[in-house]
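K.L.:
Okay, sequence plus prediction incoming.
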Amino acid sequence: MSKISIIDTIRGLSGLIESLFGEPPTTKDITEGFTRPTTYIQPVYSETAREGELQHDTHELELIRFGERTREGYLSLLEQDATVAEALQEPVVVEEQFFLYPDEIEFMLDREDMTLTVTLTVETYQFRDAEQAPTMEDLTLSRKDG
């Protein structure tokens, strides 16, 4: 398995957004304009550290849901707040054997801008040399031997 990057993390979150709202997040820059409702994902902060043979990445991201500028749009944002909160209680699939476990999740509703902003942190741990990482079979065998 190749190393998981911030791009893969965003793709995993994009898949979650598409499954929840029926459309992927916009790929346009916020300054380019877009049709509401839509979702935008942006990284806020990233840090990489090496811990022995592991690479430890921490990413803070924002999921911004832009609702329609109507009374119903705000009610929809309230419902989407609950939907996203429930969805983030489960692991987010990035690859078949790689999942994200969002932490430090904050929700902010702004009625004036008609936005729901979800800030979350994800941490990933990977072997620095993926080719030398033990396989599940090796881990299982060593556990039985130990």
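P.N.:
Sure thing, it's come through.

K.L.:
contacts and neighbour counts: CA atoms only from here.
P.N.:
Noted.

K.L.:
where does this structure have low pLDDT?
P.N.:
Applying pLDDT under 70 to the chain flags residues 1, 130-146.

K.L.:
Okay, helices next: where are they in it?
P.N.:
6-21, 71-87, 136-145 (DSSP state H).

K.L.:
Now do the contacts for residue 49.
P.N.:
Residues near residue 49 by C-alpha atoms under 8 Å, 6 or more residues apart in numbering: 55, 56, 57.

K.L.:
of those, buried ones?
P.N.:
Neighbour counting by 16 or more other C-alpha atoms under 10 Å classes 55, 56, 57 among these as buried.

K.L.:
is the first one in a bridge, and if so with what?
P.N.:
When bridges are called by DSSP bridges, residue 55 pairs up with residue 50, residue 126.

K.L.:
Would you mind measuring from it to residue 3?
P.N.:
According to C-alpha to C-alpha, to the nearest Å, residue 55 stands 10 Å off from residue 3.

K.L.:
Can you pull the residues that touch both of the two?
P.N.:
Taking C-alpha under 8 Å, 6+ apart as the criterion, residue 55 and residue 3 both touch residue 126.

K.L.:
could you measure residue 106 against residue 28, distance?
P.N.:
24 Å.

K.L.:
try residue 46
P.N.:
21 Å.

K.L.:
okay, these two: which has more neighbours?
P.N.:
Between residue 46 and residue 28, counted using other C-alpha atoms under 10 Å, the more crowded position is residue 46 (14 against 10).

K.L.:
List the residues that contact that one.
P.N.:
Counted by C-alpha under 8 Å, 6+ apart, residue 46 has contacts 57, 58, 59, 60.

K.L.:
picking up where we left off before, save the helices of the chain as CSV, and put in distance to residue 126 and mean neighbour count too.
P.N.:
Below are the helices of the chain laid out as CSV (distance: least, C-alpha to C-alpha, whole Å; neighbours: other C-alpha atoms under 10 Å):
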stretch, distance to residue 126, mean neighbour count
helix 6-21, 13, 17
helix 71-87, 24, 15
helix 136-145, 14, 10
